[in-house]
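In: Any chance you can model this:
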Amino acid sequence: MAETRFHKLADGRKIAFRHIAGFGPTLVFLPGYMSDMEGGKATSIFETARAKGRACLLLDYSGCGQSSGDFADGTLSRWRDEVLALIDAYVDGPVLLAGSSMGGWLMLLVAEKLGNRLAGMIGIAAAPDFTRWGYSADQQETLARGDILYQDNPYGPEPTPTHPGFYSDSVRLMRLKTEIAVHCPVRLLHGQHDEDVPWDISVKLAAALRSDDVQVSLIKDGDHRLSRDADIALLLGLVDGFY
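Out: Below is the predicted model:
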């Protein structure tokens, strides 16, 4: 694994990242909510890119992993701007975005800013608009009045927090109700046993995208993480299709 480096933003935030140069579009991996670049999908993508001589960029959002900052301050807009800052600083030429879960929502927001540099997108259990369809009316009311929402965490002992700042920012960044002005090839991978993000969200996302080159691959026995060897092999196969 390449050495972890830190990119300092104007306000002092230090964003941890790993980058390797290579041929083809630079693959930028966007992890999910409260995740980081140490996950199985991220490391598999990065090591495969290195082995094949491809350019790749991993990062930790502020407040996550090795990056500085408080997770409570994190928002989609803030993390989108961090991703764009690293792309501007370290990436030449076209960009291939891969987003997992919340990273699939963030992927759309980054894509809108890349313009002609966008070579393609890969969504893994993409979860755009999850603060709308994933939360009950009571939960949304809790967040709207400025309180933190805590939910059971199936992946660890501590509950998962959603902070009101994240929620209020997300409300103006919903994407599934309108056409998404993206023209590049898009590949969406989703498990049908996903208990966190219903697989029909990927179908709805495919319908919302303006691009005609969109494919949805459903894994009948796949869960939300899609981190089994067979799942990662499918993901790496989708990546290979862009080179």
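
In: Which parts of this protein are strands?
Out: Assigned by DSSP state E, the strands in the chain fall at 5-8, 14-20, 23-30, 54-59, 95-100, 118-124, 149-151, 160-162, 186-191, 214-219.

In: Relative to residue 8, how far out is the spatially most central residue of the chain?
Out: Taking Cα atoms, centre = their mean, the centroid of the chain lies closest to residue 103, which sits 1.5 Å from it. Counting by Cβ to Cβ, to the nearest Å, the separation of residue 103 from residue 8 is 23 Å. Using the backbone N, CA and C atoms, a C-beta is placed for each residue, glycine as well.

In: ok, now residue 202?
Out: As judged by Cβ to Cβ, residue 202 and residue 8 stand 36 Å apart.

In: of the two, who's got more company?
Out: Using other Cβ atoms under 10 Å, the more surrounded residue of residue 202 and residue 8 is residue 202, with 26 against 11.

In: could you check the distance from that one over to residue 214?
Out: From residue 202 to residue 214 the distance is 10 Å (Cβ to Cβ).

In: Show me the common contact partners of those two, please.
Out: Counting by Cβ atoms under 8 Å, 6 or more residues apart in numbering, the contacts common to residue 202 and residue 214 are residue 188.

In: Run through the neighbouring helices and strands of the longest helix seen in the chain.
Out: Ranked by number of residues, the top helix in the chain under DSSP state H is helix 76-90. Packed against helix 76-90, as judged by 3 or more Cβ pairs under 8 Å, 6 or more residues apart in numbering; DSSP states H and E, are the following elements: strand 5-8, strand 14-20, strand 23-30, strand 54-59, helix 102-114, helix 164-171.

In: Single out the most deeply packed of the ones you listed.
Out: strand 54-59 (a mean of 26; mean count of other Cβ atoms under 10 Å).

In: thinking again about what came up before, does the residue nearest to the centre of the chain really touch residue 36, like I thought?
Out: No: assessed by Cβ atoms under 8 Å, residue 103 is found out of contact with residue 36, at 11.0 Å.

In: What's the separation between residue 109 and residue 77?
Out: Distance, residue 109 to residue 77, by Cβ to Cβ: 8 Å.

In: cool, and residue 157?
Out: 30 Å.

In: which one of those two has more residues nearby?
Out: Between residue 157 and residue 77, counted using other Cβ under 10 Å, the more crowded position is residue 77 (16 against 5).
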